[in-house]
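In: Fold the following for me, if possible:
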Amino acid sequence: MIAPVNLLLIAALAGVLSLCVLGSLARSGMAGIRETIRANLLTLLAFSTFALQNTKAPLWLSVLVPNTAIALALCAYYAGVRRLLGLSVPRHLMTLGCLAALVVVAGYTYVDWRVEPRIVAMSLLQMGFMLGVAIVVQRNMPPHRSRYSYRFVWAVTMISAVVCAGRAAVYLAGLDSVSAFLDPTIWSVAFLTLGVLIMPCLTLGTIMIIHDRMLADREQEANTDFLTGLMSRKAWWLQAERYCAQALRMRRPLTLLLLDIDHFKRINDTHGHAAGDAVLRHFGLLATATLRTGDHVGRVGGEEFGVLFADMRSDAVLEVAERLLDSVRRTPCAHGGSTISYTFSAGVEDWIPGENLQVFFERADRKLYAAKTAGRNRIVGPGQEAERPLLPVAA
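Out: Numbering: from 1, shown residues only. Okay, the predicted model is just below:
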């Protein structure tokens, strides 16, 4: 049977390796990393001071310090997971739980020397934190990404909670009796073996979640136009190709609205490039508020935007485009204490089944060109050279 002290040494080495990996991620500034590092450091402190129980070290150092370190490590890890998932940290509840467990530990150390109640109290404390982490992770799994890392953490915390509950039950029922925490009984060694593996496994799971979140952030940056918050040209084009393939497979209509903000160069020359950026942001907000959630809108050029409407034909899209144009006319952009009125010109085309996306885009672009040629501030649809003239708006 492996000695408990050797188990603590193995766990300490695993903790050091975990800290090395976490240290390499600290520069990212990702929420929750510092708390996870703190949890591992406190766990190392607990393991090193637990090992002093077979020596003549004072009780405060061999009993109170390691149990306090374990309690603080649980708090740090739980707080780190919540911060990583963008949640608030219930500090008062965590503090009350830790204080209750540590009062039991202190009482059965200095008032009535009994190891079993201390083990029960700390087991229940750890079980509570592990169940808390499992619930938080389960409720906050990403809907559109791989959930492997989240499920890994959930599985580890649930296993840990079961182990802690079993350990508490064993010592409550008197199935094992120890005079010190590191007595090498079958039960104590079995529970210690499982216990020392928990923090390295949890740290591994946290690292996987951090990696997944960092990857999601980079993908978000690549797929989002930094100025308008709409889809970038590359992301829009890739998604548009998928829309075309889906429309062909399911035999559903697909319509493209291609629009260009009128006289945008004049806006930049008259009001400055910062004002031009404000107009682009303003249009992005109006488009988001006016269009449906599933409408595929992106910035495909400097002041040019594309919107794909799945399951809609051009007659319905023309109505939506008119509402968007009316919203733009009625809601000028506020910038630098002044307002900038602007409009857009647009072309609308229905997709022909089997048509190449580039050809589809070019057909809509020709309609857009027709709208601009006819005087701007208008929308041209299929079979039209230019829609009825609209009242001009100063840009």
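In: Output the longest helix belonging to the chain.
Out: helix 186-223 (DSSP state H).
In: just checking, what packs against whichever helix or strand comes after that helix?
Out: Downstream of helix 186-223, the first helix or strand assigned by DSSP states H and E is helix 233-250. Packing partners of helix 233-250 (3 or more C-beta pairs under 8 Å, 6 or more residues apart in numbering; DSSP states H and E): helix 186-223, strand 254-261, strand 296-299, strand 304-310, helix 357-373. Any C-beta I mention is one placed from the backbone N, CA and C, and that applies to glycine too.
In: Any stretches of the stretch 51-200 of the chain with poor pLDDT?
Out: 54, 144, 178-185, 188-189, 193 (pLDDT under 70).
In: residue boundaries of the helices in it?
Out: Secondary structure of the stretch 51-200 of the chain (DSSP state H, counting those that start in this stretch): helices at 59, 65-84, 91-106, 115-139, 148-172, 186-223.
In: now for the longest helix of the chain, which elements pack on it?
Out: Counting contacts by 3+ C-beta pairs under 8 Å, 6+ apart, helix 186-223 packs against helix 4-25, helix 33-50, helix 65-84, helix 148-172, helix 233-250.
In: just how off-centre is stretch 244-253 within its chain?
Out: Offset of stretch 244-253 from its chain centre (C-alpha atoms, centre = their mean, to the nearest Å): 31 Å.
In: So which bits of it are buried?
Out: By 16 or more other C-beta atoms under 10 Å, the buried positions in stretch 244-253 come out as 244, 247, 253.
In: Distance to residue 139 and pLDDT for the residues you listed - can I get that in a markdown table?
Out: A markdown table is the format used below for the buried residues of stretch 244-253 (distance: C-beta to C-beta, whole Å; pLDDT from 0 to 100):
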| residue | distance to residue 139 | pLDDT |
| --- | --- | --- |
| 244 | 36 | 91 |
| 247 | 35 | 88 |
| 253 | 38 | 92 |
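In: how long is stretch 304-318 end to end?
Out: 18 Å (C-alpha to C-alpha, to the nearest Å).
In: Now do it: everything it contacts.
Out: For stretch 304-318, the external contacting residues (C-beta atoms under 8 Å, 6 or more residues apart in numbering) are 230, 236, 239-240, 243, 246-247, 252-261, 283, 287, 291, 294-300, 320, 348-350, 361, 364, 379, 381-382.
In: One more: stretch 266-275?
Out: Contacts of stretch 266-275 from elsewhere in the structure, counted by C-beta under 8 Å, 6+ apart, are 261, 276, 279, 333, 335-336, 338, 340, 342, 395.
In: phi, psi of residue 112?
Out: Main-chain dihedrals, residue 112, degrees, to the nearest 10: phi -140, psi 100.
In: Just name the most buried of the helices and strands packed on helix 233-250.
Out: strand 254-261 (a mean of 25; mean count of other C-beta atoms under 10 Å).
In: between the helix or strand that comes right after that strand and strand 304-310, how big is the angle?
Out: Sequence-wise, the next helix or strand downstream of strand 254-261 (DSSP H and E) is helix 264-271. Orientation check (axes from the mean of the first three to the mean of the last three C-alpha atoms, to 10 degrees): helix 264-271 against strand 304-310 gives 130 degrees.
In: Can you list the buried residues in helix 264-271?
Out: Judged by neighbour count using 16+ other C-beta under 10 Å, the buried positions of helix 264-271 are 264, 267-268, 271.
In: Likewise for stretch 51-59?
Out: Using 16+ other C-beta under 10 Å as the test for burial, stretch 51-59 gives 51-53.
In: How about stretch 330-339?
Out: Under the neighbour-count criterion of 16+ other C-beta under 10 Å, stretch 330-339 has 332-333, 335 buried.
In: Could you pick out which of those residues are located in strands?
Out: Here DSSP state E is the test, and the buried residues of stretch 330-339 give 333, 335 as lying in strands.
In: nearest to residue 138, of the buried residues of stretch 330-339?
Out: Closest approach to residue 138 among the buried residues of stretch 330-339 (C-beta to C-beta): residue 333, at 43.7 Å.
In: from memory that closest one sits against residue 277, does it?
Out: No: counting by C-beta atoms under 8 Å, residue 333 does not reach residue 277; the two are 10.3 Å apart.
In: Any chance of the buried residues of stretch 244-253 in JSON lines with distance to residue 58 as columns?
Out: Output for the buried residues of stretch 244-253, formatted as JSON lines (distance: C-beta to C-beta, whole Å):
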{"residue": "244", "distance to residue 58": "74"}
{"residue": "247", "distance to residue 58": "76"}
{"residue": "253", "distance to residue 58": "80"}
